[in-house]
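*Asks:* Turn this into a model:
(chains A and B)
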Amino acid sequence: DTGVSQDPRHKITKRGQNVTFRCDPISEHNRLYWYRQTLGQGPEFLTYFQNEAQLEKSRLLSDRFSAERPKGSFSTLEIQRTEQGDSAMYLCASSSRTGSSETQYFGPGTRLLVL
Amino acid sequence: AQKVTQAQTEISVVEKEDVTLDCVYETRDTTYYLFWYKQPPSGELVFLIRRNSFDEQNEISGRYSWNFQKSTSSFNFTITASQVVDSAVYFCALSEAGYGGATNKLIFGTGTLLAVQP
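*Replies:* Coordinates of the predicted model:
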């Protein structure tokens, strides 16, 4: 399977703990996105990488959130001192731009529950 | 500001019925892109279609068809002869045109839950 993969698929943690999620994009894609989806809502943009450079961050991404993409390959999203409000599905997408647009392909997501 | 509205929260149909999912968007850009994604219970978003703002031709792919009308800022999705496997949440999304390092982040609607009963 050469699609986007995410690990873990599910994570249960206690409030105050740190968690880290991993995303492996489609191998030839240089652009990578993180989104967050809460119950009954559409995904919301968190941050975006072009190769290893993080070029945009949403205001949703508080100081407790950090994302990296070393060497422009896989990406990690870390949440420090988790809060119950962080419970959501975290989705990763990758793409390769053609002209002024692109199609983003999504991974299966990591479902986070903070107790 | 960009916005996508999917007014239908839930739709229930019986198998073989046709169903249309509505999507209305707002943007001040002259060049933009519209998308539909399907999210089955497993959670993974599956890409269905991308259209750019300069191409108002309707598109048909098997049982799926899309109607893009700039005059009403709508990009509706019709499933003909629905099947139980079509049951999912369907999202409409919008992105602006990006150049260089600019993002093509997606702005999603709240989704429409389609339930197809056997």
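
*Asks:* Name the residue closest to the centre of chain A, please.
*Replies:* residue A:34 (3.1 Å; Cα atoms, centre = their mean).

*Asks:* So it sits against residue A:78, correct?
*Replies:* No - Residue A:34 is not in contact with residue A:78 according to Cβ atoms under 8 Å; the separation is 11.1 Å. C-beta: built from backbone N, CA, C; applies to glycine.

*Asks:* Tell me how many other residues crowd residue 16.
*Replies:* Chain wasn't specified; assuming chain A. 10 (other Cβ atoms under 10 Å in any protein chain shown).

*Asks:* could you do chain B instead?
*Replies:* With other Cβ under 10 Å as criterion, residue B:16 counts 11.

*Asks:* Same question for residue B:112.
*Replies:* When neighbours are counted by other Cβ under 10 Å, residue B:112 comes out with 21.

*Asks:* show me the contacts for residue B:5.
*Replies:* B:23-26, B:109 (Cβ atoms under 8 Å, 6 or more residues apart in numbering or on different chains).

*Asks:* which one of the residues you listed has the most neighbours?
*Replies:* Of those, with other Cβ under 10 Å as the count, residue B:23 tops at 27 neighbours.

*Asks:* how near is the residue nearest to that one when sequence neighbours are not counted to residue A:84?
*Replies:* Nearest residue to residue B:23, sequence neighbours excluded (Cβ to Cβ, 6 or more residues apart in numbering or on different chains): residue B:92, at 3.4 Å. For residue B:92, the distance to residue A:84 equals 30 Å [Cβ to Cβ, to the nearest Å].

*Asks:* Surely the residue nearest to residue B:23 touches residue B:38?
*Replies:* No - using Cβ under 8 Å, residue B:92 makes no contact with residue B:38, being 11.1 Å away.

*Asks:* between those two, who's got more neighbours?
*Replies:* residue B:92 (28 against 18).

*Asks:* Confirm the more buried one sits in a strand?
*Replies:* Yes - assessed by DSSP: H, G, I helix; E, B strand; the rest coil, residue B:92 belongs to a strand.

*Asks:* So for it, what pLDDT did the model give?
*Replies:* Per-residue pLDDT puts residue B:92 at 98.

*Asks:* Okay, it and residue B:108: tell me how far apart.
*Replies:* 7 Å.

*Asks:* shared neighbours, these two?
*Replies:* Joint contacts of residue B:92 and residue B:108 (Cβ under 8 Å, 6+ apart) are residue B:4.

*Asks:* Now for the closest residue to residue A:18 other than its chain neighbours, how many residues are close by?
*Replies:* Setting aside the residues directly before and after it, residue A:18 is nearest to residue A:80 in space (Cβ to Cβ, 6+ apart), at 4.9 Å. Residue A:80 has 14 neighbours, counted by other Cβ under 10 Å.

*Asks:* Appreciated, that's everything.
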